[in-house]
Every structure is written in structure tokens, then in C-alpha cells.
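can't give you the sequence, but here's the structure:
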């Protein structure tokens, strides 16, 4: 499996203030993205996610370090030939209609004539924007801009798709559709680099992740390696038995009507809870074992730094 | 091809921003002033119309070049549209050149329209066509191209307001620097004269493109002068564009 994108010890500092003072944003970022995977780039706001992406795309020049895309130095425009990019909160020429907007980018990428029209039609359909195709972008909602932005990023049939907070402005249905599109991109053999702070999205679709905090990568690897399969606790919802009965078995988190939400930490106590419910003629409404989530790891890491 | 795409998009933006409506203002200014000034002046009324018309084309073109040119790159950065554009496999120089040519195309079309209106007004007064007028307008257009490059250069590193002020200063210096040439002739040779010559060489001389007086008063237009002015325009514009590309080449888009 080849390396599609590689960052080696990338440093970047911004000069701020009237008397310029350097503020380091990236402090030696190194990671690589393998061919055909969905790579999640995770970090809280202001950690340096967007700066990293801008360095990759040559919108910002790193002070030190090296970035290669498909083995080519990122400083060469040729390196971006097979890259598609959707920025965070996409801003586009709002005087263009959706169709004109895609035509403009297709022309820039050297796609002309019937091939251009076919591609535009195909991608408008893919992102669900056929009906708004002839509307000026200034009339689009944020979610619609996100969709047309994704179409723009996919126009050149890129082998590497870089998405910066792609689910930001989307409603739950939109987010699901976006996730499906991203998973499909992987099925088509494309590599996806996805930055986000919405952990749920990353957890659902990413193969590997890197976590950045204050300009430094604090952890990276396969999602399965980062998240342990160990059950942290079991959530049991019980009906018809008073919460006080379970005091010695677990922590009752909430009660609503005759329902009790109980957190049981020891596995052997679950059987005791079940037999107690049976004995008291109550009923089990649900029983869910909770394993460690990406959120747990993330919160722990951020706290420990 | 990429340059053409960006240029045509820049033109489309100007068109959708209804910049071409400026033409109506031009017509109004042209008609009103030529009538009004002709009433106040003793002498050749047609000369007044020619004078006002050429000055108006120059003024409106200059306003377009400065006001639109200074926002050309800044707007792309401010509105963050440049992110997706430069993430595509294009050189920054191609982007700048595309923007420049797009605005030059807009100004060209506007100049052609203004010239057409102006020639029509003139024709209605004289019932004849003075083709020399077009030559004066062509050189106004060359000056506007240079001013677009000036505005673009400032646009690559500062805000539209400051860039407009700098461009306006450039324009004023450009139209007054000819007096330095007069001064050089009057100063005795020596260090002072040499310094003045250096200053005159560095500063732009936009009077090189001003053939209004010659055309209005029907004075001779030597071919050598026209040729030198043309070469001066091309070289100066290319130099400014090159400078803009150098500034833009390593700029961070935060």
C-alpha cells in the first residue's frame, strides 16, 4: 500500500501584531496517509487542522519540513493534479449559478465539451443539487454550498480528496448522505483525508486517525488499536422497580416515571441486577454495554496535555 | 487556457456586478458638460465636445481600473474564494494574469462602448468622422492597462482603500512627472541633474499616452512618438505585473 500523502516535521508560525511576534501553530507535524484509506484528522478548534491542510495545498508555506503528495513535492502545482479539496465553510463566487460554478472549475481542470456537461450532470445528481443547479450561489444555504463544494472537489476524479470539516453545516440527513458519499469514494479506490471535530463521524467511517493538539500530533494509528474493546460499563434501563433497590449494584443515573437508568460497572453484577428485576416483577427495557469511544480517548488526551 | 478561464470569470463578475451601467453615467456627463461648457465658451464648440469626451473616457476608465483593480485580488482573499481556486493545479502567476486580463477585457469593452457613444455624439454635431480621435482613445486604453497593473500590484499586499490611495498617487505623479523633464533641461549639468534624471526614469510618465491636445487641435502625430509610447506602455505594464507576481508568489493565505 503506497503512501499518498506524507508530512515530515512540518513547522509553521504566524507573525502577529504591529511589531510582528511569531506564534507557532504547527510544531513538527508528521504523519502519512495510505492509499485507499479514510484518514481522520482530529483536533479541537484552533489546534492547527486547517493550517495543516493549507500547508498541504500550498496556500500557506511551511517554515520547515517537507510535504509530498503522491511522492511529488507539494510546492509544485503538478502535485495537486489528482487532489480534490473542500474547504471549511466553503466560500465561492456567489454571482455564479451552481452549474456555472462547476463549469468554471471544470474548465480550470481542462475538462471541456460534452465530457464537461456529463460530469456536471453526474455530480449535481450525486450531491443532490439538480434542482438548485440554475440558482445563483448567493441564494444557497450553508448546507447547499457544502454539497456543491463537494461536487467541485470531485470534478477531476481525484485520487486524494481532502475535506476540511465537511459535515459542519449539514442537517442529520445531509450528514448521513455525506458519510455515504465518503464511504463510496473509498469503495471507488480513492483516498480520503477528513478533518473534523465531530468525533462520531470520524469513528463511523475512518480507518486511521491522527489527533492534533496545540500544533502537535499526540496520537495516531488504526482506530481499532486506539479504541479498546473493553466494556467500560453497562447501561441498563429498568421499569417497575424503585431505584433504591439497586443502590448496592450500580449507580442510578436518572429516573423518569417508573423507569430507572442504571450504570453497572462490574460484569458479574449484571446477572444480579437481572435476577433482582425478575424477583421484583419488573422488566428490562434495554441493556447496552458501553465500550471506549473515540470521544473518551480524545477527552482524556486533551485533559492530560 | 486556465488564464482565459479566470479572465472570463473576472469579466462575468464585473458584468453581474452591473459595472457596465457606468456607461449611462458616461453618456449623461458627456452630453451635459459638452452642452453646458459650449454655452459658456466662445469659439469652436466641437473642440469642447472632443475635449470633454476624451477626458470623460479617461476619467471613467481610470475609475474602473483603480476601483475594480484594487479589489481584484483582495476580494478573492477576503471572501476566501482563492482557497479552492489555488488548491487546483494552477500557478499563482496564472491566477494573477487571468485576473489582470479579465479586468483589461472589461475596460476594453467599456472603452469601446464609450468611444461608440462619443463618436455618435460627435457625428451628430459635425456630420463627419474624425478617425484620429480613435487613436487618442487607443492610447487612453494603453494607459488604463498600465493603471490596472498598478492597482493589481497594490491589491496583492494591501487593502482596497490603501491600494486605491496608492494607485491614485501613482496616477497623479504619472501625470505631473513630465515637469521634471522640463526641470532637467533648466538645471546645469552635475549631481543635481543626474539625480533628477534618475528620478524621472523611475517615476512613471503617463503623459506619454496623452494625445488629446494633438487630436483636438489637429496637430501632427509623429509615428516615432506613438511607437515609443506604445513600447513604454508594454514594458512598464509587464514590469508591474512581474512585480505583482513576485509579491504574490510566496504569500500565505491565512
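Ah, there it is. Here the structure is a predicted model, which is why all the values come from computation and not from measurement.

Any buried residues in the worst-scoring helix or strand of chain B on mean pLDDT, and which?
Evaluated with mean pLDDT, DSSP states H and E, the helix-and-strand set of chain B has its lowest mean pLDDT in helix B:22-40, which scores a mean of 79. Neighbour-count burial for helix B:22-40, with 16 or more other CB atoms under 10 Å in any protein chain shown as criterion, is recorded at B:22, B:23, B:26, B:27, B:29, B:30, B:33, B:34, B:38. Bear in mind the C-beta positions are built from the backbone N, C-alpha and C, glycine included.

Considering only those, which also neighbour chain A?
Restricting the buried residues of helix B:22-40 to those within reach of chain A (CB under 8 Å from any CB of the partner chain) leaves nothing.

Just the closest of these to residue B:93, please.
Relative to residue B:93, the closest of the buried residues of helix B:22-40 is residue B:22; by CB to CB it sits at 29.8 Å.

Pretty sure the closest one sits against residue B:110.
Yes - under the contact definition of CB atoms under 8 Å, residue B:22 touches residue B:110, with a separation of 6.9 Å.

between those two, what contacts are shared?
Any residue near both residue B:22 and residue B:110 by CB atoms under 8 Å, 6 or more residues apart in numbering or on different chains counts here, and that gives B:60, B:64.

Tell me what residue A:239 is bridged to.
Residue A:239 forms beta bridges with residue A:259, residue A:283, as assigned by DSSP bridges.

helix/strand/coil for residue A:9?
Applying DSSP: H, G, I helix; E, B strand; the rest coil to residue A:9 yields a three-state assignment of strand.

Let me see the confidence value for the closest residue in space to it that isn't next to it in sequence.
Ranked by CB to CB, 6 or more residues apart in numbering or on different chains and with sequence neighbours excluded, the top spatial neighbour of residue A:9 is residue A:65, at 4.4 Å. According to the per-residue confidence, residue A:65 scores 93 in pLDDT.

Quick check: residues of the stretch 51-200 of chain A near chain B?
So the stretch 51-200 of chain A meets chain B at A:54, A:57-61, A:77-81, A:83, A:85-87, A:89-93, A:95-96, A:100, A:104-105, A:107-110, A:149, A:152-153, A:156, A:162 (CB under 8 Å from any CB).

Sort out for me which of those are in helices.
Counting by DSSP state H, the part of those found in helices is A:54, A:100, A:104, A:105, A:107, A:108, A:149, A:152, A:153.

Farthest-apart pair in the residues you listed, please.
The widest separation within those, taken as CB to CB, falls between A:54 and A:100 and amounts to 26.5 Å.

any chance you could map the helices in the chain?
All of this refers to chain A. In order along the chain, chain A carries the following helices (DSSP H): A:49-56, A:98-108, A:113-126, A:142-154, A:172-187, A:199-205, A:223-226, A:268-279, A:294-304.

I was thinking of chain B, sorry if that wasn't clear
For chain B, the helices defined by DSSP H cover B:2-16, B:22-40, B:45-78, B:81-86, B:92-126, B:132-155, B:160-176, B:178-186, B:191-202, B:212-216, B:223-249.

List the buried residues in the shortest one.
Buried positions in helix B:212-216, judged by neighbour count with 16+ other CB under 10 Å: B:212, B:214, B:215, B:216.

Same list (those residues) but as CSV, adding pLDDT and distance to residue A:119.
Listed next are the buried residues of helix B:212-216 as CSV, based on pLDDT from 0 to 100; distance: CB to CB, whole Å:
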residue, pLDDT, distance to residue A:119
B:212, 83, 51
B:214, 84, 55
B:215, 81, 52
B:216, 81, 55
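
sorry, back to before: the residue nearest to residue A:9: neighbouring residues, count only.
Counted with other CB atoms under 10 Å in any protein chain shown, the neighbours of residue A:65 add up to 16.

May I have the phi/psi pair for the nearest residue to residue A:57 once chain neighbours are set aside?
The shortest distance from residue A:57 to any non-neighbouring residue, by CB to CB, 6+ apart, is to residue B:87 (4.5 Å). With angles defined as degrees, to the nearest 10, residue B:87 sits at phi -80, psi -10.

what sits against residue B:87?
When contacts are counted by CB under 8 Å, 6+ apart, residue B:87 is found next to A:57, A:58, A:59, A:80, A:83, A:85, A:87, A:162.

Narrow those to those in strands?
Per DSSP state E, strands hold the following members of these: A:83, A:85, A:162.

Would you list the phi and psi of the closest residue to chain A within the stretch 101-250 of chain B?
Of the residues in the stretch 101-250 of chain B, the one nearest chain A is residue B:250, at a distance of 6.1 Å by CB to the nearest CB. With angles defined as degrees, to the nearest 10, residue B:250 shows backbone torsions of phi -110, psi 20.

Which residues are in contact with it?
Listed by CB under 8 Å, 6+ apart, the contact partners of residue B:250 are residue A:61.

let's see it at 10 Å
Contact analysis of residue B:250 by CB atoms under 10 Å, 6 or more residues apart in numbering or on different chains lists A:61, B:92.

confidence score at it?
You'll see residue B:250 listed with a pLDDT of 84.

about what we covered before: of the helices of chain B, which shows the lowest average pLDDT?
Looking at the helices of chain B, the weakest mean confidence is helix B:22-40, a mean of 79.

and it, what does it pack onto?
Judged by 3 or more CB pairs under 10 Å, 6 or more residues apart in numbering or on different chains; DSSP states H and E, the packing partners of helix B:22-40 are helix B:45-78, helix B:92-126.

Sort out which residues of the last one are buried, please.
Under the neighbour-count criterion of 16+ other CB under 10 Å, helix B:92-126 has B:92-104, B:106-111, B:114-115, B:117-119, B:121-122 buried.

and that helix with chain A, contact?
Yes - when contact is scored as CB under 10 Å from any CB of the partner chain, part of helix B:92-126 falls within range of chain A: B:92, B:94, B:95, B:98.
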